[in-house]
Every structure is written in structure tokens, then in C-alpha cells.
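Chemist: This is the structure alone, sequence omitted:
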């Protein structure tokens, strides 16, 4: 209703120009709002990409650390498990070497006895 009163007071031409100016101003404000929204959207997208990269790196680093821990734990467990087996093997080798030394000593004694028998009481 105010518009009609204004129309009669100002005249149709002036009112039409004001309406056009008002519409143009609204369009400019709308274009500015859209530009700001597009810019904000691009900024949010960049932020999201950066955060995603950081999360990816964090997850990857965590997985690498967990893998290293699993490998290290497995090595320790394997060493712990193999230690008694290794000790047993070393003992068996030592036993075989001692046996060989005993046989060697017996062989030397036999040879010495033969030499002594053949040569008399040398």
C-alpha cells in the first residue's frame, strides 16, 4: 500500500526508476553473495583436502610404526624360541667334537703302543 501512495506522490516514472535501481542493487548483492559463497566453498575444499592429506599421512605413519613393532616383536619371539634349540645344537656339536677328540686320543695311543711293541721298550 505504501508503494501505491508513493506512486501517486512521486509519479510513475520516478517510482519505476527506483524499482529498477532497487532490483539492480538486489541483483548485485545476490551476485556478491554467490561470489563469496563460491570463494568460501573453494577455501573449504582446499582445507578439506589438506586435512585429508594430514589424516592419510597420520594413518600411514601409524601403520608403518605398527608394522615395525610387529616385526620387532616377531624377531624377539623367534630369537627367544630359537635360543634353546641353538644351545642344544651347540652342545651336540661340542659333544661330537669331544667324541672325535677321544677317538683321536685312542688312535694316537694305539699307534704309540704299536710303535713301542715293534721297537721294543723305546
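Modeler: Perfect, thanks for sending it. None of the values given here were measured: they were computed from a predicted structure.
Chemist: And the pLDDT for residue 41?
Modeler: On pLDDT, residue 41 comes in at 96.
Chemist: I'd like the numbering to begin with 707 instead of 1 from here.
Modeler: With the count now opening at 707, the last piece we talked about shows up as residue 747.
Chemist: Can you say which helix or strand has it in it?
Modeler: Using DSSP states H and E, residue 747 sits in helix 718-825.
Chemist: what's the spacing between that helix and its chain's center?
Modeler: Its chain's C-alpha centre and that of helix 718-825 lie 5 Å apart, by Cα atoms, centre = their mean, to the nearest Å.
Chemist: Counting by contacts, list what it packs against.
Modeler: Helix 718-825 sits against helix 708-716, with contacts defined as 3 or more Cβ pairs under 8 Å, 6 or more residues apart in numbering; DSSP states H and E. For glycine as for every other residue, the C-beta is placed from the backbone atoms N, C-alpha and C.
Chemist: quick one: average confidence on the helix it packs on?
Modeler: 54.
Chemist: Same question for stretch 732-744.
Modeler: Mean predicted lDDT for stretch 732-744 stands at 96.
Chemist: Residues touching it, excluding its own?
Modeler: The contact list for stretch 732-744 (Cβ atoms under 8 Å, 6 or more residues apart in numbering) is empty.
Chemist: Find the least confident helix or strand in the protein, judged by mean pLDDT.
Modeler: The weakest-scoring helix or strand in the chain, judged by mean pLDDT, DSSP states H and E, is helix 708-716 (a mean of 54).
Chemist: which stretches of the protein have low pLDDT?
Modeler: 707-718, 805, 807, 825-828 (pLDDT under 70).
Chemist: Burial check on residue 790, number of neighbours?
Modeler: Using other Cβ atoms under 10 Å, residue 790 has 9 neighbouring residues.
Chemist: One more: residue 721?
Modeler: 16.
Chemist: From residue 735, how far out is it?
Modeler: Applying Cβ to Cβ, to the nearest Å, the value for residue 721 to residue 735 is 21 Å.
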